[in-house]
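J.: model this:
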Amino acid sequence: QIQVNLVGPIHVCRVFLPLLYKTRGSRMISITSPCAETRLPMAGVYGATKAGLDTISDSLRIEASAHGVNMVLLDPGEILSLTPFASRQGSHYLAMEAELDKSLSKQEMETFLKFSDVFSNHLPRPKLGIIEEKRIYRVFLSALCSTHPSRRYSAATWKVRCYEWFMIWAPTAWGTGRRGSYCKCDLMKWEII
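T.: Residues are numbered from 1 along each chain as shown. Next comes the predicted model:
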């Protein structure tokens with residue numbers, strides 16, 4: 001994940017930015033994720049790569065603007081439900097489970113198994129093909145064609161954005177809020193404890 005999600009885009013920037021500097025108004029669009037800001041169990045490395053990509057894009061946005069190049073972040077939204085990206089998650093989780101350290105606590109193992117079950121058995125598995133969700137194309141065109149592009153574009157629905165916001169700011173066991181009374185997520189519903 002680090003090579004693909006973070007190191008790869010750094011190399012792409014290193015190669016293509018000098019070429020983009022020759023054309024004012026050009027832009028580089030990086031694919032980001034809500035995981036850059038949310039803290040989800042079993043997604044730490046992925047979240048770190050996306051947070052790193054966001055930080056690099058933001059830094060380059062300042063540097064490249066002097067050359068007329070725009071750096072843009074694009075969150076494609078609910079991409080797992082629209083593509084077969086997660087189709088091999090079950091085999092990945094089985095491989096991870098085989099390599100797990102026996103020092104995991106019972107709670108850590110239960111969390112791992114919950115995520116394994118959700119990502120292996122409960123995500124949609126659409127066939128490979130053209131994504132029919134028009135919102136993604138509209139947002140991408142805005143990111144690509146806006147005269148004064150924003151820092152970040154998101155194709156997530158308002159419902160998903162509210163959920164992401166809750167995961168970031170609510171005082172939860174998974175969020176970054178302070179300790180005390182909090183909500184606990186069991187992946188299918190929220191309960192106050």
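J.: the most far-flung residue of the chain relative to its centre sits in which helix or strand?
T.: What lies farthest from the middle of the chain is residue 22; by C-alpha atoms, centre = their mean that is 30.8 Å. Following DSSP states H and E, one finds residue 22 outside all helices and strands.
J.: residue nearest the middle of the protein, spatially speaking?
T.: A centroid search over the chain (C-alpha atoms, centre = their mean) returns residue 33, at 2.0 Å, as the residue closest to the centre.
J.: how close does it get to residue 162?
T.: Using C-beta to C-beta, to the nearest Å, residue 33 is found at 17 Å from residue 162. For glycine as for every other residue, the C-beta is placed from the backbone atoms N, C-alpha and C.
J.: which one is residue 156 nearest to, not counting chain neighbours?
T.: Among residues not flanking residue 156 along the chain, residue 77 sits closest, at 3.9 Å (C-beta to C-beta, 6 or more residues apart in numbering).
J.: surely that neighbour touches residue 135?
T.: Yes: contact criterion C-beta atoms under 8 Å: residue 77 and residue 135 qualify, at 6.9 Å.
J.: and for those two, which residues touch both?
T.: 155, 157 (C-beta atoms under 8 Å, 6 or more residues apart in numbering).
J.: of those two, who's got more company?
T.: Taking neighbours as other C-beta atoms under 10 Å, residue 77 and residue 135 compare with residue 77 leading, 21 against 16.
J.: sticking with residue 41, tell me its helix or strand.
T.: Following DSSP H and E, one finds residue 41 outside all helices and strands.
J.: and it, how many neighbours?
T.: If we define neighbours as other C-beta under 10 Å, then residue 41 has 14 of them.
J.: isn't it right up against residue 109?
T.: No: in this structure residue 41 lies outside contact range of residue 109 using C-beta under 8 Å: 11.4 Å.
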